[in-house]
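**Q** Quick one: sequence plus predicted model below, questions after.
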Amino acid sequence: MLPTDISQELDYDICIVGAGIAGMESALNLGDMGYRVLLVEKEASIGGKMILLSKVFPTLDCASCISTPKMASAAHHPNVTIMVYSEIDEIERKENGTFGVQMHQKPTYVDPNACIGCGQCETACTVAIPDEFNFNLDARRVAHIPFPQAVPKKAILQRNGQSPCNHTCPAGVKPHGYTSLVRAGLHDAAFELHLETTPLIGSLSRACYAPCEKECTRGEFEGSVQIRAIKRFIADRYYELNSEPNYGPVKERKDKRIAIVGAGPAGLNAAFQLARKGYDVTIFEAEEKAGGTMQYGIPDVRLPKDVLERDIKNVTALGVSIRTNTKVESLEKLKQDGFDAVFLGLGCSRTRSKREESADGTTSVKTKAPGRVRSPNTTPFADEIKLAANGVIEINKTLQTSLPYVFAGGDAVTGPLTITAAIGQGNQAAYFIEQFLQGHPLNAADLKELECTDKLAVIAREARLSTRKPTKLLKRENVSKEEGRKAAKLPLTEEEARYSANRCLDCGNCSECHQCVSVCPSNAIDFSMQPIHHQIKVGSVIIATGFELFDAHRKPTFGFGKYPNVVTAMQMDRLLSPTRPFNSVLRPSDGKEPDNIAFVLCVGSRDSQVDHRLCSRVCCMYTAKQAQLIMGSLPLADVTIYYIDIRAFGKGYDEFYEQAKGMGVDFVHGKVADITESSEDEGNLVVRFENLTEGKIEKREHDLVVLSVGLLPNTSAQGMFRGTSIEADNFRYIKEMDEDMEPGVTSIDGVFVAGAANAARDIPDTILHSGAAAVQAAAYIENLKGLVC
Amino acid sequence: MSIAAKKDDAPHILVFSTNNISDPGIDMAGSAHMHYSTQVQVISVPCSSGIKPTWVLHALESGFDGVFIAADGTDCAYLPDCTTRTGVLVKKTQDLLKEHGRSPKRLRMAAVCSVCSESFVSHMANFQKDIVKIASD
Ligand SMILES: Cc1cc2nc3c(=O)[nH]c(=O)nc-3n(C[C@H](O)[C@H](O)[C@H](O)COP(=O)(O)OP(=O)(O)OC[C@H]3O[C@@H](n4cnc5c(N)ncnc54)[C@H](O)[C@@H]3O)c2cc1C
Ligand code: SF4
Ligand code: SF4
């Protein structure tokens, strides 16, 4: 075989990590030279910080107007491949000088090939959360397109683990989902969502032990969301309006027949799910009535039987026939009768209570200790399938018994369970029976759900929550104990249900309400999406991960996070941008247009208290820019800038600073000590500072204060390399080994750094530096080509 | 209902907008609740130079009163000479319109950038005003 050059083996010539202006610029340069580039970005859109800025100094060109074309060019360049919402796991340098990159694309829960970017999911989504692209100035939905200029313009569902209630429900019900639907006034949709999991909504709303409420994060505050009461509101309202289900048997039939033995919660659920798939389902029930434990084990006062009957109609409406008073004795016989699969939801036999006929002809069941003395009803099948010593049926993880066409769940498998858990098993059995009938492999991992969200993080996020007591507590206030107890037991009115739903904290962001699924015109939403892992061979790597913003909370005396009218410069850039959250510059506390605005320079820069002694290079200039833009949009506003000294070093920068002064910006040579809220004017702020010219301590009042936060190194790339780490400088930026003569060259041969990942830089400097890094990477690839393998 | 079924009396305008650059700007006009006539309909295309003169004629013959090309200017992601090509296309189309006895002023082109929502809104108002004038000439 003829030797080939090493570069022929590569998937891409160069992998660029980070698609801000630096990464895009390097990618376009390299792409134009003919190199194949992979551009990896952790956010859902490329563009970095620049696309979020208002204008750029000193030209005052519109930042988004000049970045969108770059973003579009990168996305359409024939030599550039973009992977967004993706992260690098590890990069390994091979002996021959090439690199192995392990990375993964995070699930967006939207198929990017199907999504047409219409934004309908966004409008329908029932959960609003702070918008990180507007630095939390306003809200966005969980299903969203990051911003109008996003590239690619595709929706993502930003899930933050599964909400504790959804995660804990053994039946697989989505309490967060129906809660957010009730909050949105979509009561029918709430019922329909619940129906996706189980037909037994009314019964659960009375008899479920509500493990969701025990897990509810609001329980750590004034009391959990009254989830079961909300469910009862949904069921009662729906049944009141719809005495019969509004659907019939599924039109598209499948030619397989399934026997369900036992009409308890597990059996009814399995039957319901399979009938919805179009299978022919028959339930055999030994008793006179369907319902199992729910019929015979739970007293009427807790679960009125008309509610149960209505729940069962949800099953029979699908064409499921329930043969009561029919005891199944042989599984073989069922097979001979033409059933392709069997589900055993036998339940446990119990000490049957006496049926009591009352004067008005209704019957009721009295059980002293429902479900206490129960043993599995498995005896008839002892010869046909394997049983454990205690009489329960042996099954594998996919609920399959020793006879492959027979599946089992509920009390007969586990010993006494709750209705809720039995429902879960019925659902799982239905899934695996369908897999079995379709000839697919049975894989227990299929039903894996997302991890539970981090409750402590939710509690921390909600630290400033206002108090909203549960209605059951409110109703006990100012009445006698007895009255209070009675009132608290009453079902919720619509108003109370919505009030209760509004107490939900949206722990995992997405509630799984499935509104997005219902409205998406191209069926793009896919909740089963998993991370996609890639192993990629490249010849060179460019790190363009940019900078981190200084977290203003770290200067507590400046009141950020405590006083709403103290904002950061990034937030001010958003307020001034053409893609701004509001149509004007407004202050957060009351939406008023501010008329006396102060900027504090060097917040988190040149400050050894926060261990960051470097100058951030751009803050003086972006502040002069913002001051000029504010004077343009709020001509009557006074603008003050507190500075230590002004660093206007670039071409035209000093002129830009003078221009700001000329426009009337008050530059105060002062070092700010602290910021407090004014006791007189609500929301106003008092800035206390040392006047450096006169050597005095002074105070001034403003109605909005902007902290000109500095740029910090992004250290995320430093742990990426296997067996070695990329060297950092004294300030934790990625180090250039010879910054005078070899821009972009790092401590790892073949790895280069571009833009603000290496030092605080403005955009023109970033673009220059990215060009240099691109050329270094190209030269490295050319050298590789000389090597043969 | 024909595509040109009118909801109000304002001239009916078809906009060809480019999906990378002009579309986000036009989208944003909507999401920022800026007002422009409901008589404006937008179709997006990848690159303005791909529009065919016959499409414009077809639009006018189907009942639109004017066609507006929201172009990328020099920002096109596909072609460095997109503006020149679109310019040629506009000239050709105007000739075709004249041949068919329609005013060339019923076609207009302007660059609309990714955040040009306000300018798009004023373009629409002016174009509609000018079309009313053409009609009364
Ligand atoms: C408030 C403010 C205003 C400014 N105004 C101006 C101005 O007017 N003019 C001017 O010239 N400059 C201005 N700047 C500076 C400007 O923002 C920077 O020069 C520029 O953003 C640097 O570009 P970059 O691509 O190097 O970094 P970034 O913009 O930070 O981009 C880095 C990209 O890498 C991605 N990334 C990070 N880590 C990873 C990872 N591990 N894996 C994958 N992707 C990753 C990020 O998501 C991001 O998309 C301003 C800065 C601030 C804070
Ligand atoms: S509704 Fe569907 S097609 Fe439209 S943006 Fe959302 S996911 Fe994409
Ligand atoms: S399931 Fe509901 S909450 Fe989740 S993204 Fe879709 S619409 Fe939003």
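**A** Nice, thanks for sending it over. Numbering: from 1, shown residues only, chains lettered A, B, ... in the order given. Ligands and ions are numbered 1, 2, ... in the order given.

**Q** wait, does the helix or strand of chain B with the lowest mean pLDDT contact chain A?
**A** Every helix and strand in chain B was compared by mean pLDDT, DSSP states H and E; the lowest is helix B:22-31, with a mean of 89. Yes - judged by C-beta under 8 Å from any C-beta of the partner chain, helix B:22-31 and chain A are in contact via B:24, B:27-28, B:31. The way it works is simple: take the backbone N, C-alpha and C, and place the C-beta from them, glycine included.

**Q** Make a markdown table out of those residues and add distance to A:Thr324 and neighbour count.
**A** Shown next, in a markdown table, are those (distance: C-beta to C-beta, whole Å; neighbours: other C-beta atoms under 10 Å in any protein chain shown):
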| residue | distance to A:Thr324 | neighbour count |
| --- | --- | --- |
| B:Pro24 | 62 | 29 |
| B:Asp27 | 59 | 22 |
| B:Met28 | 62 | 22 |
| B:Ser31 | 58 | 14 |
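
**Q** Go ahead and produce CSV holding the CA coordinates of the least confident helix or strand of chain B.
**A** These are the backbone C-alpha positions of helix B:22-31, laid out as CSV (Å, rounded to 0.1, in the frame of the first residue of the first chain):
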residue,chain,number,x,y,z
SER,B,22,-33.7,40.4,6.6
ASP,B,23,-36.0,37.8,8.2
PRO,B,24,-34.7,38.3,11.8
GLY,B,25,-35.2,42.1,11.4
ILE,B,26,-38.7,41.7,10.1
ASP,B,27,-39.5,39.1,12.8
MET,B,28,-38.3,41.5,15.4
ALA,B,29,-40.7,44.2,14.2
GLY,B,30,-43.5,41.8,15.1
SER,B,31,-42.0,40.6,18.4
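
**Q** what's in contact with it?
**A** With contacts defined as C-beta atoms under 8 Å, 6 or more residues apart in numbering or on different chains, helix B:22-31 is touched by A:68, A:148-149, A:153, A:578-579, B:15, B:17, B:36, B:42, B:44, B:70-72, B:112-121.

**Q** Return the set of buried residues in stretch A:98-117.
**A** By 16 or more other C-beta atoms under 10 Å in any protein chain shown, the buried positions in stretch A:98-117 come out as A:98-99, A:101, A:103-110, A:112, A:115, A:117.

**Q** Quick check: closest non-adjacent residue to the residue nearest the centre of chain A.
**A** The residue lying closest to the centre of chain A (C-alpha atoms, centre = their mean) is A:Arg159, at 1.5 Å. Excluding the flanking residues, the one nearest A:Arg159 by C-beta to C-beta, 6 or more residues apart in numbering or on different chains is A:Cys510, at 4.6 Å.

**Q** which SS class is that neighbour?
**A** coil (DSSP: H, G, I helix; E, B strand; the rest coil).

**Q** Contact partners for the closest residue in space to A:Ile433 that isn't next to it in sequence?
**A** In space, and not counting its chain neighbours, A:Ile433 is closest to A:Ala341: 4.9 Å by C-beta to C-beta, 6+ apart. Contacts for A:Ala341 were tallied using C-beta under 8 Å, 6+ apart; they are A:256, A:258-259, A:405-407, A:433, A:436-437.

**Q** what about residue 44, neighbour count?
**A** I went with chain A, as the question did not name one. By other C-beta atoms under 10 Å in any protein chain shown, 24 other residues sit near A:Ala44.

**Q** hmm, I had chain B in mind actually
**A** The burial count for B:Ser44: 15, using other C-beta under 10 Å.

**Q** Looks to me like it is in a strand.
**A** Yes - under three-state DSSP, B:Ser44 falls within a strand.

**Q** Identify the residues contacting the closest residue to it other than its chain neighbours.
**A** Of all residues not flanking B:Ser44 in the chain, B:Asn19 sits nearest, at 4.3 Å (C-beta to C-beta, 6+ apart). Listed by C-beta under 8 Å, 6+ apart, the contact set of B:Asn19 reads B:44-46.

**Q** Ramachandran coordinates for B:Asn19?
**A** Dihedral pair for B:Asn19: phi -70, psi -20, per degrees, to the nearest 10.

**Q** Also A:Gly100?
**A** According to degrees, to the nearest 10, A:Gly100 has phi -100, psi 120.

**Q** In terms of helices and strands, where is the residue nearest to it when sequence neighbours are not counted?
**A** Of all residues not flanking A:Gly100 in the chain, A:Glu92 sits nearest, at 4.5 Å (C-beta to C-beta, 6+ apart). Assessed by DSSP states H and E, A:Glu92 sits inside strand A:86-93.

**Q** how distant is that strand from the center of its chain?
**A** 23 Å (C-alpha atoms, centre = their mean, to the nearest Å).

**Q** For stretch A:585-595, list every residue counted as buried.
**A** Buried residues in stretch A:585-595, counted by 16+ other C-beta under 10 Å: A:585-588, A:594.

**Q** do the same with stretch A:659-676
**A** Result for stretch A:659-676 [16+ other C-beta under 10 Å]: buried residues A:660, A:665, A:667-670, A:672, A:675.

**Q** can those go into a markdown table with extra columns for secondary structure?
**A** Formatted as a markdown table, these follow (three-state DSSP):
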| residue | secondary structure |
| --- | --- |
| A:Ala660 | helix |
| A:Val665 | coil |
| A:Phe667 | strand |
| A:Val668 | strand |
| A:His669 | strand |
| A:Gly670 | strand |
| A:Val672 | strand |
| A:Ile675 | strand |
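
**Q** Pick the one among these closest to B:Asn126.
**A** Closest approach between the buried residues of stretch A:659-676 and B:Asn126, by C-beta to C-beta: A:Ala660, at 34.3 Å.

**Q** Now for the closest residue to the closest one other than its chain neighbours: which residues touch it?
**A** Excluding its sequence neighbours, the residue lying closest to A:Ala660 (C-beta to C-beta, 6+ apart) is A:Ala624, at 4.3 Å. Residues in contact with A:Ala624, defined by C-beta under 8 Å, 6+ apart, are A:57, A:641, A:648, A:656-657, A:659-660, A:665.

**Q** Least confident of those residues?
**A** Taken together, the contacts of A:Ala624 show their lowest pLDDT at A:Ala648, with 90.

**Q** Let me see the contact set for that one.
**A** A:620-621, A:624, A:654, A:656-657.

**Q** try 7 Å this time
**A** The contact partners of A:Ala648, taken as C-beta atoms under 7 Å, 6 or more residues apart in numbering or on different chains, are A:620-621, A:654, A:656-657.

**Q** Can you tell me how far it is from ligand 2?
**A** Separation of A:Ala648 from ligand 2 (C-beta to the nearest ligand atom, to the nearest Å): 44 Å.

**Q** show me the contacts for A:Thr282.
**A** A:Thr282 touches A:259, A:321, A:323, counting by C-beta under 7 Å, 6+ apart.

**Q** Return a ChimeraX selection command for the buried portion of these.
**A** The ChimeraX selection below is limited to those of those classed as buried (16+ other C-beta under 10 Å):
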select /A:259
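
**Q** Out of the contacts of A:Thr282, the closest to ligand 1 would be?
**A** Of all the contacts of A:Thr282, ligand 1 sits closest to A:Ala259, with 53.9 Å by C-beta to the nearest ligand atom.

**Q** quick one: the helices in the stretch 101-250 of chain A?
**A** Secondary structure of the stretch 101-250 of chain A (DSSP state H, counting those that start in this stretch): helices located at A:120-124, A:164-168, A:175-183, A:187-197, A:201-207, A:211-215, A:227-241.

**Q** mind showing which ranges of chain B have poor pLDDT?
**A** Scanning chain B for pLDDT under 70 picks out B:1-8.

**Q** Which residue, other than its chain neighbours, is closest to the residue positioned nearest the centre of it?
**A** Of all residues in chain B, the one closest to the mean position by C-alpha atoms, centre = their mean is B:Phe68, 1.4 Å from it. Spatial nearest neighbour of B:Phe68, excluding adjacent residues (C-beta to C-beta, 6+ apart): B:Val15 at 4.7 Å.

**Q** The one you found - how many residues pack around it?
**A** 24.

**Q** From A:Pro245, how far off is A:Glu192?
**A** Note on A:Glu192: its distance to A:Pro245, by C-beta to C-beta, to the nearest Å, is 11 Å.
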